[in-house]
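Enquirer: pasting the sequence and the predicted model now:
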Amino acid sequence: MTNRPKVFLPDDRYFDPNPRQKEIAQHLYAMVADLPLVCPHGHVDPRTFADPDYSFGTPVDLLIIPDHYVFRMLYSQGIPLEQLSIPRLDGGPVEEDHRKIWQIFADNFYLFRGTPTGMWLTHELQSVFGVEDKLTGESAQDIYDQIAGRLASSEFRPRRLFERFNIEALCTTDVATDPLDHHRAIRESGWPGRVLPTFRPDAVVNVDTPGWRANVEALSEVTGIEVNSYRAFIQAIENRRAYFKEMGAVATDHAALTAYTGELSDREAEAIFQRALKGQATAEDATRFTGHMLMENARMSIEDGLVMQFHPGSYRNHNRFIFDRFGPDMGCDIPIQAEFTRNLRPLLNKYGNDGRFTLILFTVDETTYSRELAPLAGHYPAVRLGPPWWFFDSLNGMTRYFEQITETAGLYNTAGFNDDTRAFPSIPARHDLWRRASANWIAGLVVRGIVDMNDAEEMIHDAAYRLAKRAYKLEEGEG
Amino acid sequence: MTNRPKVFLPDDRYFDPNPRQKEIAQHLYAMVADLPLVCPHGHVDPRTFADPDYSFGTPVDLLIIPDHYVFRMLYSQGIPLEQLSIPRLDGGPVEEDHRKIWQIFADNFYLFRGTPTGMWLTHELQSVFGVEDKLTGESAQDIYDQIAGRLASSEFRPRRLFERFNIEALCTTDVATDPLDHHRAIRESGWPGRVLPTFRPDAVVNVDTPGWRANVEALSEVTGIEVNSYRAFIQAIENRRAYFKEMGAVATDHAALTAYTGELSDREAEAIFQRALKGQATAEDATRFTGHMLMENARMSIEDGLVMQFHPGSYRNHNRFIFDRFGPDMGCDIPIQAEFTRNLRPLLNKYGNDGRFTLILFTVDETTYSRELAPLAGHYPAVRLGPPWWFFDSLNGMTRYFEQITETAGLYNTAGFNDDTRAFPSIPARHDLWRRASANWIAGLVVRGIVDMNDAEEMIHDAAYRLAKRAYKLEEGEG
Amino acid sequence: MTNRPKVFLPDDRYFDPNPRQKEIAQHLYAMVADLPLVCPHGHVDPRTFADPDYSFGTPVDLLIIPDHYVFRMLYSQGIPLEQLSIPRLDGGPVEEDHRKIWQIFADNFYLFRGTPTGMWLTHELQSVFGVEDKLTGESAQDIYDQIAGRLASSEFRPRRLFERFNIEALCTTDVATDPLDHHRAIRESGWPGRVLPTFRPDAVVNVDTPGWRANVEALSEVTGIEVNSYRAFIQAIENRRAYFKEMGAVATDHAALTAYTGELSDREAEAIFQRALKGQATAEDATRFTGHMLMENARMSIEDGLVMQFHPGSYRNHNRFIFDRFGPDMGCDIPIQAEFTRNLRPLLNKYGNDGRFTLILFTVDETTYSRELAPLAGHYPAVRLGPPWWFFDSLNGMTRYFEQITETAGLYNTAGFNDDTRAFPSIPARHDLWRRASANWIAGLVVRGIVDMNDAEEMIHDAAYRLAKRAYKLEEGEG
């Protein structure tokens, strides 16, 4: 076993090979490597922290089954999801031998060469679980044993890891009708970890959501408002926003296929809402209502101070076979071309000049970085740009983001980093990658004579820590 | 004051940190650093040179109020334009204390870290005004004094700076109805500076321009042709082109929301023109008429030899609040997706094979570089590509331009550099950035074994000086 | 003559100047530099190999007249195609003095500085023809003599070069109605070179192809099936696929203006087919029929195992003047924006999960790399991504491809390299460029601590050789 290849994770990883740039990057990185992690947007299940004895299960339960970044790659090479124990909607049989699944994963880990998933996993195995061997078919079972052993120890309860990871705040993403019981349990437990909900109303505002009618009924129930009119619907939304805010939320989050915004008259809104209640809303109704509700939520944000996040442009559940068999979030959401300049004009014309409003924009169409997003953020007081999203939460993705956004928008119209993950133990690896990529980009500015060391040191603190806190108003909740 | 941070402007700035590439880049840059500046496209006010005693006013009058690159960034962080003395259309109150404005600017100068505006200003303050301290809140007032002192001296009259900057030719941009009195005054003054007008007919050919009717009346007046028909309109345009050419113009310039071109029959053109005169032109009329007039101007270019520039793709005055309060050119023009392949086909099919015709294309949608513009320029004899425009007149913008355009179009289907600025004292800084970026790109080709030093030395002369002169036919006007 | 500049072709060309990255890149490149060339997609005329005594003609016959990459650049600078001996459709006069044409080419060879065409030609002249002088106006005639001398020798018969180039397999592209006589002659000659046909049915499935009716008649003739109905048409297509497969084909190839796919009912398909036979098909008919036939060919691929290639997005024959005078493939095909996410959904939903199906996608719209193609390939088992196509078969094109695709799709959802050329003697230069670019990219991953040397060595073998063989199932045909 001593001859087995070791994990490759050099201390100077991700930095440019130029010695001067690397030296400066390492200097900058060292300044922020141990700063607390600010996690203002993500998908960790709050249940994880509600129960002090929560266990992550097996290595496969933790690292493969919930992570569509991992299993989509295996699927792309012909490995059926059933063989990876992804639960079928019909309850049909799936592989239950987690050691066998782990072996498949390790045998195919070469597929992740050069991918962010590969980088995160390598870092995570080494720094969270203390694995020293490279993950290969040969080392697979020993590594499984190592991880399983750690997971069994009390040091690997989620709250302990939260503390060990030095997380300052972690925002989850929660549907509008969520009673936030887990968040309440966390609060009431006396554990000081700052886990905050985020208000995500897509399932009630997008009238073409499967099950929308049931979601509206749940909204009635949870608010005690009979949501049988557009007017009542707005009241119910405002009611839930207030509740989320009371429970610590600092932000809302919105998804849509496109960035279309546009205001309806009350009468139009009511008419669409009534058609939707009767199951008669058209596709155009849905688009217009979503565009209108984005504007309404912007208005509410000005009133209640919640930061508005917008994640348009992903064509969800592209693969119907997979969706029908396994449900959503199975690695088959595919980006489409995005358009912000015309689509956001109604919203920005009405609310974009208001200093009380913060709108954080995300994209999975990188062509919009330099063409639309940076010019918008470099002008409108309300606009900030979220970090590279999804497929672009990667070393090259970050490099392109910095190079294409900051010349026009500056660093100071960005919202720092968020990890956007449901894979809790990958959080430190993701922030580490961002901090290294940021340090490397800034070091590149220094060696090219663009910013001096003093500015560079300010910038790395901003990129690694301060900008995210500021954009999400997480400072305000302090002391 | 001796401990104040100094301005950071190393001699080897903007070059790759690799020692061999940097050495070659410095060698190439040194060959062209002192060549005269050719400025074939820009927005400097000709009035500046018409009066030999013209004064630039205060540092704020010169560097902030007229420069939307500067104040849009401050605005994006919530600083109202009124606080920066941007004049309101309604004549309402704005800040009048220029020292106070300068302080706001200096306090927020960190926003420009890594931006081209920051790079230009830093260079300009040091090399034009001799400022040695870094611009910060602390140094602000001293630097204000220094600049103000310089501006008061006779050495800082525009004509003196023009000579000191070693400008070989400077083309302004002038509406079709401009009598060119300032250009005439410059000519008649005996001062040898070559300041040339450029014919920009947007305000008369785009029938949806606010105030179009009045512009057409002005056209009648200035030409003595009663412009009451499409036929008379064409005569008037030809008349003005002839006048501009007589006054030294070498080029025309055209803007439009899209690159649409298409020919109308005389009858269709007349019908739209008549509807426009009656204020009844539709949006589609406007689009079609603009597309037709692009073709007509191409025809005229073949006849009179004026080079045709085309700048499509900017959504002007995106922010209605700002437009209503302050007018156009306030930093809220936002790019949209561009399309050239289909849109330019009518024009290129009719005129693109004609060796007498030069069409210089610009874009604010970088995705068109490799996909459309380079293939078009690499085929049609008439097409040349203008340098990176607007937001992309930047270090990264230039790098992307070279990398995405030259493999397909070659360097020799480009039109060199133009500074496109109304900020006269920033001109040397802008050309310097281009010359450095060009030298660095070419040095990158040398160290990668792609071109030899001999070719590299030719290329840097072409990029820095010759291509612009050739594309705009500025050689022809010489001795 | 001894003072003439020598050809510039350093051994370490195309590698990053960083010494460590370069050293690793050279190590990786050396491992694969001499591996056999796998050429699964290209346009070499099979006639070249059918006659053992085939001669390439003059240097101009070989290097200029058939290569639109070369003459489009000369045309873009105003050199008429007639002066380059490009044959006119009307048989009108063109330059016949090949030495004069070669002189024009050499005089203008500076236009190719920094272009892939320049890099290939430089490599080809030196390594295939032994030219030591740099190609300039001065050296032009001597170099012409050298090349002409080589071409006269028996060592420069195509079959000898095929062997010298170490080509393992070369796939041509052949219309559906091609009797494959040259392929048959090659097979029957006993010469062991593996030259395989590829089934390209565009001219019979795209009903808007000029001459479609005649193509369908040719299809009837070659299959013996009277193609007077959609049903018979499908039978004829299947018949030809079977014949191509029997003749060694491993793949089909499909082009279309867009990536639109969608299934028609038999009745709709029949109706469109009948309209097309009568010359009454509309533009929409053509689009829908093409989209349907893509799906039909996918179905057939699952049945017969032929790999499906798809090359959408090129606007063919953009310049009508050139098309009318010289015909197609004259360097005036211009890319348009591509869209895969929605367009391919019908095809991928029906066939994309089938492990027997391989669909290799190509694009001339690089914006689709990270936004659409990598996410699709990183999910669907059937999808593989072809190498950078056409204008992007270049050093920067490859770099962008690796950087934008592999983080999401991984290296293992790509299909390696193909040279896609009709310029047979440029094949080694093209593979060499790919191998160097791949080695440099992988070395960049090593010096950034992303992959270890062991992985790097596997990756370079995959990129340079194995992936292409695997994607095109060229292994299966072996021993």
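Expert: Alright, I've got the coordinates.

Enquirer: I'd like the distance from stretch A:232-243 to the chain centre, please.
Expert: Stretch A:232-243 sits 24 Å away from the centroid of its parent chain (Cα atoms, centre = their mean, to the nearest Å).

Enquirer: again, but for stretch A:68-80
Expert: Between the centre of stretch A:68-80 and the centre of its chain there are 21 Å (Cα atoms, centre = their mean).

Enquirer: now it: average pLDDT?
Expert: Averaged over stretch A:68-80, pLDDT sits at 97.

Enquirer: contacts for it, please.
Expert: A:63-65, A:81, A:84, A:86, A:104-105, A:108, A:111-112, A:115-117, A:121, A:322, A:329-332, A:423, C:355, C:377-381, C:383, C:409-410, C:412-413 (Cβ atoms under 8 Å, 6 or more residues apart in numbering or on different chains). Any C-beta I mention is one placed from the backbone N, CA and C, and that applies to glycine too.

Enquirer: switch to 6 Å and redo it
Expert: A:64, A:81, A:84, A:108, A:111, A:117, A:329-331, C:355, C:378-379, C:381, C:413 (Cβ atoms under 6 Å, 6 or more residues apart in numbering or on different chains).

Enquirer: enumerate the residues of chain A near chain C.
Expert: Selection of chain A residues close to chain C by Cβ under 6 Å from any Cβ of the partner chain yields A:8, A:10, A:13-14, A:17, A:72, A:76, A:78, A:111, A:113-116, A:315, A:320-321, A:331-332, A:334-336, A:365-367, A:391, A:394, A:396.

Enquirer: of these, which belong to helices?
Expert: A:72, A:76, A:116, A:320-321, A:367, A:396 (DSSP state H).

Enquirer: all helices of the stretch 1-150 of chain A, in order?
Expert: A:19-32, A:47-50, A:59-63, A:68-76, A:98-107, A:116-127, A:140-152 (DSSP state H, counting those that start in this stretch).

Enquirer: residue ranges of each domain in chain A, please.
Expert: For chain A, automatic domain parsing gives the domain ranges A:19-53+A:166-471, A:55-156.

Enquirer: turn the ones you listed into a markdown table, including distance to B:L348.
Expert: As requested, those are exported to a markdown table (distance: least, Cβ to Cβ, whole Å):
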| stretch | distance to B:L348 |
| --- | --- |
| domain A:19-53+A:166-471 | 24 |
| domain A:55-156 | 41 |
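
Enquirer: so which residues on chain A come close to chain B?
Expert: Counting by Cβ under 6 Å from any Cβ, the residues of chain A near chain B are A:18, A:20-21, A:341, A:349, A:353, A:355, A:367, A:370-371, A:375-376, A:378-379, A:381, A:403, A:406-408, A:410, A:412-413, A:445, A:447-452, A:455.

Enquirer: can you tell me which of those residues are buried?
Expert: A:18, A:21, A:341, A:349, A:353, A:367, A:370-371, A:375-376, A:378-379, A:381, A:403, A:406-408, A:410, A:412-413, A:445, A:447-452, A:455 (16 or more other Cβ atoms under 10 Å in any protein chain shown).

Enquirer: can you tell me which of those residues are in strands?
Expert: Members of these lying in strands (criterion: DSSP state E): none.

Enquirer: among the helices of the stretch 1-150 of chain A, which is nearest B:D181?
Expert: Each of the helices of the stretch 1-150 of chain A has some distance to B:D181 by Cβ to Cβ; the shortest is helix A:19-32, at 53.5 Å.

Enquirer: so what touches the closest one?
Expert: Contacts of helix A:19-32 (Cβ under 6 Å, 6+ apart): A:12, A:15-16, A:435-436, A:439-440, A:442-444, A:446-447, A:460, A:464, B:17.

Enquirer: next, the angle helix B:19-32 makes with that helix.
Expert: 110 degrees (axes from the mean of the first three to the mean of the last three Cα atoms, to 10 degrees).

Enquirer: list the buried residues in helix A:19-32.
Expert: Per 16+ other Cβ under 10 Å, helix A:19-32 contains these buried residues: A:21-22, A:24-29, A:31-32.

Enquirer: strands along the stretch 201-350 of chain A, start to end?
Expert: Assigned by DSSP state E, counting those that start in this stretch, the strands in the stretch 201-350 of chain A fall at A:251-256, A:307-312, A:314-315, A:334-335.

Enquirer: related to what we said a few turns ago, so which of the domains of chain A is the most surrounded?
Expert: domain A:19-53+A:166-471 (a mean of 21; mean count of other Cβ atoms under 10 Å in any protein chain shown).

Enquirer: show me the contacts for the residue in chain A that chain C sits nearest to.
Expert: Going by Cβ to the nearest Cβ, chain C is nearest to A:R13 of chain A, at 2.9 Å. Contacts for A:R13 (Cβ under 6 Å, 6+ apart) come out as C:G449.

Enquirer: give me phi/psi at it?
Expert: In this entry, A:R13 is assigned phi and psi values of phi -60, psi 150 (degrees, to the nearest 10).

Enquirer: need the per-residue pLDDT for A:T290.
Expert: 98.

Enquirer: with A:D208 as the reference, measure out to it.
Expert: 8 Å (Cβ to Cβ, to the nearest Å).

Enquirer: again with A:L219
Expert: 16 Å.

Enquirer: poorly predicted segments of chain A, please.
Expert: A:1-2, A:476-479 (pLDDT under 70).

Enquirer: distance of the residue nearest to the spatial centre of it from A:R150?
Expert: For chain A, the residue sitting closest to the mean C-alpha position, by Cα atoms, centre = their mean, is A:D420 at 1.8 Å. Here A:D420 is placed at a distance of 25 Å from A:R150 (Cβ to Cβ).

Enquirer: just want the residue of chain A that's nearest chain B.
Expert: For chain A, Cβ to the nearest Cβ, closest residue to chain B: A:G449, 2.9 Å.

Enquirer: pretty sure that residue is touching B:P10, no?
Expert: Yes - the pair A:G449 / B:P10 is scored as a contact, 4.1 Å apart, by Cβ atoms under 6 Å.

Enquirer: can you pull the contacts of the spatially closest residue to A:R448 that is not a sequence neighbour?
Expert: Closest residue in space to A:R448, ignoring its immediate chain neighbours: B:Y14 at 5.6 Å, by Cβ to Cβ, 6 or more residues apart in numbering or on different chains. By Cβ under 6 Å, 6+ apart, the contact list for B:Y14 reads A:448, B:395, B:436.

Enquirer: can you tell me how far the second one is from chain A?
Expert: Translated: B:L395. 7 Å (Cβ to the nearest Cβ, to the nearest Å).

Enquirer: that residue and C:A276: what is the separation?
Expert: From B:L395 across to C:A276, the span is 54 Å (Cβ to Cβ).

Enquirer: I'd guessed A:G397 sits against A:P388; true?
Expert: Yes - using Cβ under 6 Å, A:G397 is in contact with A:P388, at 4.2 Å.

Enquirer: could you dump stretch A:110-118 to PDB, C-alpha only?
Expert: Provided in PDB are the C-alpha atoms of stretch A:110-118 (Å, rounded to 0.1, in the frame of the first residue of the first chain):
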ATOM      1  CA  TYR A 110     -10.600   9.700 -14.100                       C
ATOM      2  CA  LEU A 111     -13.700  11.200 -15.900                       C
ATOM      3  CA  PHE A 112     -13.400  14.200 -13.500                       C
ATOM      4  CA  ARG A 113      -9.800  15.100 -14.400                       C
ATOM      5  CA  GLY A 114      -9.700  18.800 -14.800                       C
ATOM      6  CA  THR A 115     -13.200  19.400 -13.600                       C
ATOM      7  CA  PRO A 116     -14.200  21.400 -10.500                       C
ATOM      8  CA  THR A 117     -16.000  18.400  -9.200                       C
ATOM      9  CA  GLY A 118     -12.800  16.500  -9.300                       C
END
